[in-house]
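K.L.:
Provided below for reference: sequence and predicted model.
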Amino acid sequence: MALELPDNVVITKLDEMVSWCRKNSLWPMPFATACCGIELMATGASRHDLARFGAEVFRFSPRQCDLLIVAGRVVMKMLPVLQRIWQQMHEPKWCISMGACASTGGVFDTYSVVQGIDRFIPVDMYVPGCPPRPEQLIQAIIDLQAKIQREGTMYGREFTRPERQLPSRALRQ
Amino acid sequence: MDAMPTRTTSELKRAFPTAEISEFRGQVRAAVPVSSIGDCLRFLKEQLGFDMLVDLTCVDYLAYRGATSRFGLVYLLLSVDRGERLVVRTFVDDPQPAVPSAVPLWQAADWLEREVWDLFGIRFEGHPDLRRIVLPEQFTAHPLRKDYPLQGRGERHNFPVITRAEG
């Protein structure tokens, strides 16, 4: 039995629609501690124009943000600050580790530099580069948008369910 | 190379005969025993007009060829009136390396001495507030000492892990 629908009516799941809304209005929290922060600023500025992907509203309060972009090396004195900021962000929330230093410590294999923030907070996307070009960060945001659409979370704790533990694109392909 | 005798070097040598004065590429240097460093700095400021402490730092001479002491403290002084600079050095040894504080002479020594204490563990007797300045307060080592491992002793990974479930 075919259901007759007018052309201007679309049927979807509420979950899909909420994810679609969320992925197109990410509010980044810039945690810029080093030269990656310059590229992060360039990404938000007019030449690369992050507004094209709905993520241009940088806020400097974690309570207004849902995307943490860690741009630069994090030293052991800064890590508790980073963790506090992550905990202050509302769910659902995501994290991009931008650049070699945030992801692995980079060339700074010294006593004070944390060797990758994913040791201590969750990370959704890693951006390689030293520092990455704005295009790379934009690609990470596009990939993150795909992930948000796929995950369909209503609140962040769904990430902890076992079937959501390995959602990365590489594993699915 | 011996320094060209100037008013500074000759008066310093007369007041502190144990000071070894030398010159290298136009920089006049005075090595002073740690027992007289406090008096020497006071003399340089009050009698010879070195009214500005430009920098205070430290060198760890562990396993350095020809070194007789573990740590060398370096004071870079400037007389603003004459535009004359002087490098004053003194040497201290383990255990419990300590020198008198220069804070009563130059306020600039406050944070500089805290930095040397933080990174080299040299005590400055009489410093009003000798706390760590760069590293976190719970840090226990002095990491610019040459016998401290470059990658630390695990301090950088001694944090709680926050997972998705904990928010």
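P.N.:
On my side now, so go ahead.

K.L.:
what mean pLDDT does stretch B:98-105 have?
P.N.:
Averaging pLDDT along stretch B:98-105 gives 93.

K.L.:
And stretch A:111-125, by the same measure?
P.N.:
pLDDT averaged over stretch A:111-125 gives 92.

K.L.:
what does stretch A:7-19 give?
P.N.:
The average pLDDT within stretch A:7-19 is 82.

K.L.:
for chain B, what spans make up the helices?
P.N.:
Ranges of helices in chain B, per DSSP state H, are B:7-15, B:37-46, B:109-120.

K.L.:
Between those, which one is closest to A:Arg119.
P.N.:
Closest to A:Arg119 of the helices of chain B is helix B:109-120 (Cβ to Cβ; 25.1 Å). Any C-beta I mention is one placed from the backbone N, CA and C, and that applies to glycine too.

K.L.:
least reliable of the helices of chain B going by mean pLDDT?
P.N.:
Looking across these, the weakest by mean pLDDT turns out to be helix B:7-15, at a mean of 88.

K.L.:
if we can go back for a sec, so which of the helices of chain B is the most packed in?
P.N.:
Of all the helices of chain B, helix B:109-120 has the most neighbours on average by mean count of other Cβ atoms under 10 Å in any protein chain shown, namely a mean of 20.

K.L.:
Closest residue of chain B to chain A?
P.N.:
Closest to chain A within chain B is B:Gly152: 2.9 Å, counting by Cβ to the nearest Cβ.

K.L.:
In this structure that residue contacts B:Phe139, no?
P.N.:
No: contact status for B:Gly152 versus B:Phe139: not in contact, 9.6 Å apart, counting by Cβ atoms under 8 Å.

K.L.:
The helix or strand of chain B with the lowest mean pLDDT to helix B:37-46, inter-axis angle?
P.N.:
In chain B, no helix or strand scores lower on mean pLDDT, DSSP states H and E than helix B:7-15, which sits at a mean of 88. Helix B:7-15 and helix B:37-46 are oriented at 140 degrees to each other (axes from the mean of the first three to the mean of the last three Cα atoms, to 10 degrees).

K.L.:
All the strands of the chain, in order from the start?
P.N.:
All of this is about chain A. Shown for chain A, the strands assigned by DSSP state E span residues A:28-32, A:67-71, A:94-98, A:125-127.

K.L.:
was after chain B, sorry
P.N.:
For chain B, applying DSSP E gives strands covering B:20-24, B:27-31, B:52-60, B:71-79, B:84-92, B:98-100, B:123-125.

K.L.:
Determine the longest helix present in chain A.
P.N.:
Chain A, longest helix under DSSP H: helix A:134-151.

K.L.:
Tell me the residues on chain B that lie near chain A, please.
P.N.:
Within chain B, the positions lying close to chain A (Cβ under 8 Å from any Cβ of the partner chain) are B:135-136, B:143, B:148-153, B:155-157, B:159-165, B:167.

K.L.:
hang on, isn't B:Leu135 packed against B:Leu144?
P.N.:
No: using Cβ under 8 Å, B:Leu135 is not in contact with B:Leu144, being 10.3 Å away.

K.L.:
what is in contact with these two at once?
P.N.:
Both B:Leu135 and B:Leu144 are contacted by B:Leu119, under the criterion Cβ atoms under 8 Å, 6 or more residues apart in numbering or on different chains.

K.L.:
Could you list the residues of chain A in contact with chain B?
P.N.:
Going by Cβ under 8 Å from any Cβ, the residues of chain A near chain B are A:76-77, A:79-80, A:83, A:86-87, A:91, A:109-115, A:119-122, A:156-157, A:159-160.

K.L.:
Inside helices: which ones of these?
P.N.:
Secondary-structure check on the residues of chain A next to chain B using DSSP H: residues within helices are A:79-80, A:83, A:86-87.

K.L.:
Buried ones among those?
P.N.:
Buried residues within these, counting neighbours by 16 or more other Cβ atoms under 10 Å in any protein chain shown: A:79, A:83, A:86.

K.L.:
And the second one, how far from A:Lys93?
P.N.:
The one in question is A:Gln83. 13 Å (Cβ to Cβ, to the nearest Å).

K.L.:
next one: A:Ser19
P.N.:
Distance, A:Ser19 to A:Lys93, by Cβ to Cβ: 14 Å.

K.L.:
contacting residues for the closest residue to A:Asp109 other than its chain neighbours?
P.N.:
Nearest non-adjacent residue to A:Asp109, counting by Cβ to Cβ, 6 or more residues apart in numbering or on different chains: B:Gln151, 6.0 Å away. By Cβ under 8 Å, 6+ apart, the contact list for B:Gln151 reads A:109-111.

K.L.:
swap the cut-off to 10 Å and go again
P.N.:
A:105, A:109-113, A:115 (Cβ atoms under 10 Å, 6 or more residues apart in numbering or on different chains).
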